[in-house]
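Enquirer: Attaching a predicted model along with its sequence, questions to come.
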Amino acid sequence: MTDYNYSTFSTDDYDFDSVIGPVVGQKAPDFELQTVEGEIRHLLDFDGEFLVLEMGSITCPLFQSRRTLMEPVSADFSGVSSAVLYVREAHPGMVIKGHASFEDKLACASRLKDVDGETRRIFVDGFDGAAHQAYGSMPNAVFIINRHGCVVFRSEWNNPSATRKALSALLAGQEVRVKSYFRPAVPTTVFRTLSSAGKGSASDFFRGLPFLFWTNIIKRNLRLLFGRTAAVSRHTAC
């Protein structure tokens with residue numbers, strides 16, 4: 001995608017109706033990526049039984065509003081690693097702009113650690129977003145991947161409560177049948193995040209808000225309510 005790193009947010013930049021990337025029970029794609037510390041590591045080279053992988057950027061209000069619940073995951077669940085895949089800016093503005101180079105992306109990812117205080121390992125996706133697109137391209141998706149490299153939980157929008165319930169079930173050897181309903185970001189975090197991004201970020205966000213509300217809070221949650229979840233466990237192979 002030549003326009004992967006957009007300079008202004010539009011709902012047209014995302015496919016909200018299709019499921020793209022690995023679904024539950026399928027192999028998670030692996031990539032060799034740089035961390036903010038400059039190490040080159042494989043995405044699926046993790047300690048323990050499970051990896052909780054969350055997509056995020058500093059201009060994504062949903063990601064920013066979930067961080068306080070997601071950062072302690074490794075400490076709260078024995079045998080679980082957690083990481084952030086730093087992707088394109090969800091709502092760029094005049095201060096934090098859409099990435100024009102990998103160096104721009106690395107600088108934003110470093111800010112997530114140094115300024116925002118993110119403590120999880122941060123993988124910086126390539127400039128072209130190959131890893132992000134392989135995982136579906138959503139700005140705040142979350143995946144739980146087991147030791148076999150299989151996706152055992154997936155949500156297009158991270159709901160930390162649902163993610164934690166899925167982890168509890170997996171570690172207890174139970175089947176995961178958790179439904180991860182979309183929940184909006186905390187309003188104070190929304191305004192703080194968009195304000196930090198600078199002029200243009202908030203106006204683009206609020207212009208698309210009616211569509212986002214209908215697509216995610218109503219349509220997506222109704223599909224989850226009446227849909228079935230795949231039965232997987234910690235031992236699922238793919």
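Expert: Alright, I've got the coordinates. Keep in mind it's a predicted model, so treat the numbers as computed, not measured. Numbers count the residues shown, from 1 in each chain.

Enquirer: Could you list the buried residues of the one helix or strand in the chain whose mean pLDDT sits lowest?
Expert: Least confident helix or strand of the chain, by mean pLDDT, DSSP states H and E, is helix 221-226 with a mean of 93. The neighbour-count check on helix 221-226 (16 or more other CB atoms under 10 Å) flags Asn221, Leu224 as buried. C-beta here means a position set from N, CA and C on the backbone, and glycine is covered the same way.

Enquirer: And for stretch 99-109?
Expert: In stretch 99-109, counting by 16+ other CB under 10 Å, buried: His99, Asp104, Lys105, Leu106, Cys108, Ala109.

Enquirer: which one of those is nearest Tyr86?
Expert: Ala109 (4.0 Å; CB to CB).

Enquirer: Pairing partners for the nearest residue to the closest one once chain neighbours are set aside in the sheet, please.
Expert: The shortest distance from Ala109 to any non-neighbouring residue, by CB to CB, 6 or more residues apart in numbering, is to Tyr86 (4.0 Å). Taking DSSP bridges as the rule, Tyr86 bridges to Gly56, Val124.

Enquirer: Tyr86: how many residues sit nearby?
Expert: Neighbour count for Tyr86, taken as other CB atoms under 10 Å: 30.

Enquirer: how about low-confidence regions in this protein?
Expert: 1-2 (pLDDT under 70).

Enquirer: Need the residue closest to the centroid of it.
Expert: Met55 (2.3 Å; CA atoms, centre = their mean).

Enquirer: returning to that earlier point: what residues are up against the residue nearest to Ala109?
Expert: Val36, Gly56, Ser57, Lys105, Cys108, Ala109, Leu112, Ile122, Phe123, Val124, Asp125 (CB atoms under 8 Å, 6 or more residues apart in numbering).

Enquirer: ok, now with 7 Å
Expert: Listed by CB atoms under 7 Å, 6 or more residues apart in numbering, the contact set of Tyr86 reads Gly56, Ser57, Lys105, Ala109, Leu112, Ile122, Phe123, Val124, Asp125.

Enquirer: What helix or strand is the third one located in?
Expert: For Lys105, the enclosing helix or strand under DSSP states H and E is helix 102-114.

Enquirer: counting contacts, what elements does that helix pack onto?
Expert: If you count contacts as 3 or more CB pairs under 7 Å, 6 or more residues apart in numbering; DSSP states H and E, helix 102-114 packs onto strand 80-86, strand 121-124.

Enquirer: gap between the first one and the chain center?
Expert: Just to be clear, that refers to strand 80-86. Its chain's C-alpha centre and that of strand 80-86 lie 9 Å apart, by CA atoms, centre = their mean, to the nearest Å.

Enquirer: again, but for the shortest one
Expert: Put simply, strand 121-124 sits 12 Å off its chain's centre (CA atoms, centre = their mean).

Enquirer: these two touch, right, the residue nearest to the centre of the chain and Asn140?
Expert: Yes - counting by CB atoms under 7 Å, Met55 does reach Asn140; the two are 5.8 Å apart.

Enquirer: For burial, what's the neighbour tally of Thr189?
Expert: Neighbours of Thr189 using other CB under 10 Å come to 17.

Enquirer: Tell me how far it lies from Thr8.
Expert: Using CB to CB, to the nearest Å, one obtains 21 Å as the distance from Thr189 to Thr8.

Enquirer: now do Leu69
Expert: In terms of CB to CB, Leu69 sits 30 Å off from Thr8.

Enquirer: Please apply the same query to Leu167.
Expert: 36 Å.

Enquirer: okay, these two: which has more neighbours?
Expert: Leu167 (23 against 15).
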